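K.L.:
Okay, predicted coordinates and the sequence, questions at the end:
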Amino acid sequence: MTIVVFFAFLLVLVLIELIYYGKHAMEDLDLDVRFSKPVAGHGEMIEVIEVAQNNKKMRLPFVLLKFEAPTAIEFQDMTNTSVSDLLYREDMLSMKPFSRHTRKIKAKCNRRGYYTFPRITISSTDLLFIEKLSREFPNDATLTILPQRLSPDEIRTSLSITFSDIQQRRTLLTDPFSFAGIREYQPWDPMKSVNWTASAKVGDYMVNQNASTSTKKVTVFLNLDFYNQKRSMPLLEKSISLAFTYLCELSEQGIPTLLFANGVDTVTHSPVVSEQASVDVTKPAIDLARVDLNTDRVSFIELVENNIGSTGIDDLIVIISPRSDTNIQNYLIDLKQRRTSMKWIIPTYKSTPLPPLDAELSSNIIKWEVSGHD
């Protein structure tokens, strides 16, 4: 009889424990998983910061923190991490009453895009490890990884043609009495333009930048239509990197730019359209980072026609398009009649010959050859 009473009493305690933990264990818990910064460069090291907090008197002897992260970032410590379509991270710990846990995981940004944490959860059990308890937490952390910036050697030809055209015009039209700021010294700058005070402060040559009496802009139209029947994407990614690099190089020379791309922003669900010419590439860089190549594009020809009015008649028009079929060529021949300062950069593989190109466009074409294949 005594044994029966003992087991009955023990069963009651277990039931009380299960009910109490089942009701209160997941209360007053906070879990926040975030990126150390909202925008990062391609190849940059960031941190994924995991913060869990127990805001009650109850001790949690066993807690499993879980979150799913995009594979575009590469954890430098893959402990407790599995890889599939996502990175699945699990960290086990024990949480005392009113305790806080913080863990920082270094990660490398490997792929352009806009990313979130799909799901973050806390799992635990009761004291006797009988019942599994779990709670999912909302999360609004986002990370935008900018496109890869190409080395100057990779785009030397296209840059040299652009800069030779623009620099000549800007040099001829520079107003020596109009001061526009200070920038880093470039090989073609005359020594008389060096600002020695600013150079001493930063430890490198800096030059005074004079405003131009007629500033010439550059407008980049990026065509992200598929360039073959396989609907391949590598050259489209290269094109995005090329456009981003182009904007950065022009910005550093103080040349205002406009950007228009027919790829759709994964956040705004709209094509990339510049509102005004600027040397600040922050917004167009983020716009390019968020282009989703898995969604339908808008018509490239319509995009150009709708926005060509934003450009000056003497502005340089740069078309970046790996697609080079007859329709594109015919349209660019027509555009050339309206905008004589037009260049067409065609990203292509060294091992893949281009289709026949119209002779009327020969002086406007720059082939940008890259290694690899689809």
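P.N.:
Sure thing, it's come through. Numbers count the residues shown, from 1 in each chain.
K.L.:
lowest average confidence, helix or strand, in the chain?
P.N.:
Using mean pLDDT, DSSP states H and E, the weakest-scoring helix or strand in the chain turns out to be strand 174-184, at a mean of 53.
K.L.:
just for the stretch 1-150 of the chain, where's the confidence low?
P.N.:
Residues of the stretch 1-150 of the chain meeting the criterion pLDDT under 70: 1, 5-22, 24, 126-130.
K.L.:
can you give me the helices in it?
P.N.:
With DSSP state H, counting those that start in this stretch, the ranges of helices along the stretch 1-150 of the chain come out as 2-24.
K.L.:
In it, what residue spans correspond to strands?
P.N.:
29-35, 39-40, 45-54, 60-69, 73-75, 81-83, 87-95, 99-109, 113-116, 120-125, 132-137, 142-145 (DSSP state E, counting those that start in this stretch).
K.L.:
Just give the strands next to the last one in its sheet, each with its orientation.
P.N.:
Partner strands for strand 142-145, per DSSP bridges, with pairing direction: strand 39-40 (parallel), strand 113-116 (antiparallel).
K.L.:
Columns mean neighbour count and distance to Phe98 on top of those strands, output as JSON lines?
P.N.:
To be clear about C-beta, it is placed using only N, CA and C from the backbone, and glycine gets the same treatment. Formatted as JSON lines, these follow (neighbours: other CB atoms under 10 Å; distance: least, CB to CB, whole Å):
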{"stretch": "strand 39-40", "mean neighbour count": "18", "distance to Phe98": "34"}
{"stretch": "strand 113-116", "mean neighbour count": "18", "distance to Phe98": "30"}
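K.L.:
Just put those strands in JSON lines and tack on distance to Pro347.
P.N.:
As requested, the strands paired with strand 142-145 are exported to JSON lines (distance: least, CB to CB, whole Å):
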{"stretch": "strand 39-40", "distance to Pro347": "25"}
{"stretch": "strand 113-116", "distance to Pro347": "19"}
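K.L.:
Could you say which one of these comes nearest to Ile255?
P.N.:
Closest of the strands paired with strand 142-145 to Ile255 is strand 39-40, at 23.0 Å (criterion: CB to CB).
K.L.:
Just checking the distance from the closest one to the centre of its chain.
P.N.:
Centroid separation for strand 39-40 versus its chain: 7 Å, with CA atoms, centre = their mean, to the nearest Å.
K.L.:
follow-up on the earlier one: so which of the strands of the stretch 1-150 of the chain comes closest to Val304?
P.N.:
Between the strands of the stretch 1-150 of the chain, strand 113-116 lies closest to Val304; by CB to CB that is 25.3 Å.
K.L.:
Spit out the contact partners of Asp137.
P.N.:
Just to correct that, residue 137 is Phe rather than Asp. Asp30, Leu31, Asp32, Ile120, Thr121, Ile122 (CB atoms under 8 Å, 6 or more residues apart in numbering).
K.L.:
Around the third one, how many other residues sit close by?
P.N.:
Applying other CB atoms under 10 Å, we find 16 other residues in the vicinity of Asp32.
K.L.:
What sits closest to it if chain neighbours are left out?
P.N.:
Closest residue to Asp32 apart from its sequence neighbours, by CB to CB, 6 or more residues apart in numbering: Val51 at 4.7 Å.
K.L.:
Enumerate every residue touching the one you found.
P.N.:
Contact analysis of Val51 by CB under 8 Å, 6+ apart lists Asp30, Leu31, Asp32, Val33, Arg34, Arg100, His101, Thr102.
K.L.:
Please tell me which one of those counts the most neighbours.
P.N.:
Counting neighbours by other CB under 10 Å, Val33 leads the contacts of Val51 with 23 neighbours.
K.L.:
Which residue, other than its chain neighbours, is closest to Glu136?
P.N.:
Thr121 is the one closest to Glu136 (CB to CB, 6+ apart), at 4.8 Å.
K.L.:
just the strands in the stretch 251-374 of the chain please.
P.N.:
All strands of the stretch 251-374 of the chain, identified by DSSP E, counting those that start in this stretch, fall at 257-265, 271-273, 291-292, 316-320, 342-349, 365-370.
K.L.:
roughly how far apart are the spatially closest residue to Lys96 that is not a sequence neighbour and Thr144?
P.N.:
Nearest non-adjacent residue to Lys96, counting by CB to CB, 6+ apart: Arg59, 5.8 Å away. For Arg59, the distance to Thr144 equals 40 Å [CB to CB, to the nearest Å].
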